[in-house]
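A.B. asks: Sequence plus predicted model, see below.
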Amino acid sequence: QVQLVESGGGLVQTGGSLRLSCAASGSILKINDMGWYRQAPGKKRELVASITSGGSTNYSDPVKGRFTISRDNAKLLVYLQMNSLNSEDTAVYYCNANVNAVPIWSRSQYYWGQGTQVTVSS
């Protein structure tokens with residue numbers, strides 16, 4: 001079993017910053033790509049940022065230049081530093097990871113965290 005647990009969400013004013021964390025645990029052999037998604041009320045879940053095991057990153061256009069994704073492979077953590085937040089960033093943020101877990105012959109699977117609420121007030 002693999003678990004992803006997000007933390008760091010909350011209420012912040014426009015222009016403020018938050019840092020989200022996601023901790024992976026369980027019978028993990030290797031974590032491949034990791035990412036952050038978000039889902040606003042009435043909207044589809046969308047990719048915010050992703051990072052490969054080697055550290056290559058990808059960002060959606062709305063967050064480029066404001067958000068930074070990073071990871072600590074040794075600690076099985078992924079972070080999302082969010083700066084210059086605005087009301088459009090209000091959403092539930094989900095951590096996602098592609099994981100190779102025991103048994104060793106099994107295929108990698110995608111796992112989701114339970115989500116953390118980010119609310120940006122004007």
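C.D. replies: Received, thanks. Numbers count the residues shown, from 1 in each chain.
A.B. asks: can you pull out the helices in the protein?
C.D. replies: Using DSSP state H, no helices are found in the chain.
A.B. asks: Centroid-nearest residue for it?
C.D. replies: With distances taken as C-alpha atoms, centre = their mean, residue 36 lies nearest the centre of the chain, 2.7 Å away.
A.B. asks: And it, how far from residue 116?
C.D. replies: According to C-beta to C-beta, to the nearest Å, residue 36 and residue 116 sit 10 Å apart. Heads up, the C-betas are built off the backbone N, CA and C, glycines and all.
A.B. asks: got it, and residue 105?
C.D. replies: 34 Å.
A.B. asks: Between these two, which is the more surrounded one?
C.D. replies: More crowded of residue 105 and residue 116, by other C-beta atoms under 10 Å: residue 116, with 22 against 5.
A.B. asks: Spit out the contact partners of the more buried one.
C.D. replies: Contact partners of residue 116, counting by C-beta atoms under 8 Å, 6 or more residues apart in numbering, are 6, 7, 8, 9, 20, 92, 93.
A.B. asks: So what pairs up with it in the strands?
C.D. replies: Beta-bridge partners for residue 116, by DSSP bridges, are residue 93.
A.B. asks: What of the one 5 residues further on?
C.D. replies: Each beta-bridge partner of residue 121 is listed here, defined by DSSP bridges: residue 13.
A.B. asks: And for residue 77?
C.D. replies: Beta-bridge pairing for residue 77 (DSSP bridges): residue 23, residue 72.
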